[in-house]
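In: Below are the sequence and a predicted model for it; my questions follow.
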Amino acid sequence: MKFWTITILIIIGYTIVPKKLFGDNVKLQIPKRAEVTMNMDDFQKAKKLCKKGDAWKCYKVGFCYEKGKNVKQNYLKALIFYDKSCENNIAEGCHALGEMYLDGKGVKQNFSKALTFFGKTCNIVPKTEIVYGGCYVVGEIYKGAFYTLKSLEAYKQAIKFYQKACDGNFTDGCKKLKEMEN
């Protein structure tokens, strides 16, 4: 029953009424990912290493494509490289995919997919700031659903993910947890 409640909540709340979730003037605070700076030679080497299975290099290549650093900006290619890094549990890659779906960068905006990728970020080990940031963003999405749809399940999920973020000393997660508990 819980699975279906959350699924319906995501389908209704995140694909039909995304603007109502956060309002027109509210922008989610997304934790910053690792910046990447590479010259063209390093970029080409990173692409080759990615093909050989170096998932961190896949993230770096994706970042360059997303931001247009030393290459023409290409969101589709960024998605492909981020996906490779995420499949291999690179938190920044999963987080980047979540951001792209949340903002509709190179893809149709899809809160359900954003939630999936931020959720995956939250579950990656070892726990780092970006992992706890993923937990925080999942909490934010559920909080938006709670205020929009008045769903007790969304409220519980928001608390759960803010708690995970707070457990990792992610300050904004602790602040939001206090707000939700008051």
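Out: Done, it's in. Residues are numbered from 1 along each chain as shown.

In: What's the biggest helix in this protein, counting residues?
Out: Counting by DSSP state H, the longest helix found in the chain is helix 129-149.

In: Give me the buried positions along that helix.
Out: Residues 130-149 are the ones in helix 129-149 that count as buried (16 or more other C-beta atoms under 10 Å). Quick note: C-beta positions are derived from backbone N, CA and C, even for glycine.

In: Mind pulling the model confidence for the residue nearest to residue 115 when sequence neighbours are not counted?
Out: In space, and not counting its chain neighbours, residue 115 is closest to residue 141: 5.3 Å by C-beta to C-beta, 6 or more residues apart in numbering. pLDDT, residue 141: 90.

In: Could you do residue 19 as well?
Out: 44.

In: the bottom helix or strand of the protein by mean pLDDT?
Out: helix 2-10 (a mean of 39; mean pLDDT, DSSP states H and E).

In: Where does the residue sitting furthest away from the middle of the chain sit: helix, strand or coil?
Out: Computed with C-alpha atoms, centre = their mean, the residue of the chain farthest from its C-alpha average is residue 41, at 29.3 Å. Following DSSP: H, G, I helix; E, B strand; the rest coil, we place residue 41 in the helix state.

In: Please name the residues that touch it.
Out: By C-beta atoms under 8 Å, 6 or more residues apart in numbering, the contact set of residue 41 is empty.

In: same thing with residue 92?
Out: For residue 92, the contacting residues are 33, 34, 59, 63, 85, 130, by C-beta under 8 Å, 6+ apart.

In: before we move on, back to that, surely the residue nearest to residue 115 meets residue 116?
Out: No: assessed by C-beta atoms under 8 Å, residue 141 is found out of contact with residue 116, at 10.6 Å.

In: How many residues are close by residue 43?
Out: Neighbours of residue 43 under the rule other C-beta atoms under 10 Å: 18.

In: I should have written residue 71 there, sorry.
Out: Using other C-beta under 10 Å, residue 71 has 17 neighbouring residues.

In: Do you know the pLDDT at the nearest residue to it once chain neighbours are set aside?
Out: Spatial nearest neighbour of residue 71, excluding adjacent residues (C-beta to C-beta, 6+ apart): residue 64 at 5.4 Å. According to the predicted model, the pLDDT of residue 64 comes to 96.

In: now swap in residue 145 and tell me
Out: Looking at residue 145, its pLDDT reads 84.

In: Go ahead and list the helix or strand containing the closest residue to it other than its chain neighbours.
Out: Nearest non-adjacent residue to residue 145, counting by C-beta to C-beta, 6+ apart: residue 154, 4.0 Å away. Following DSSP states H and E, one finds residue 154 within helix 152-167.
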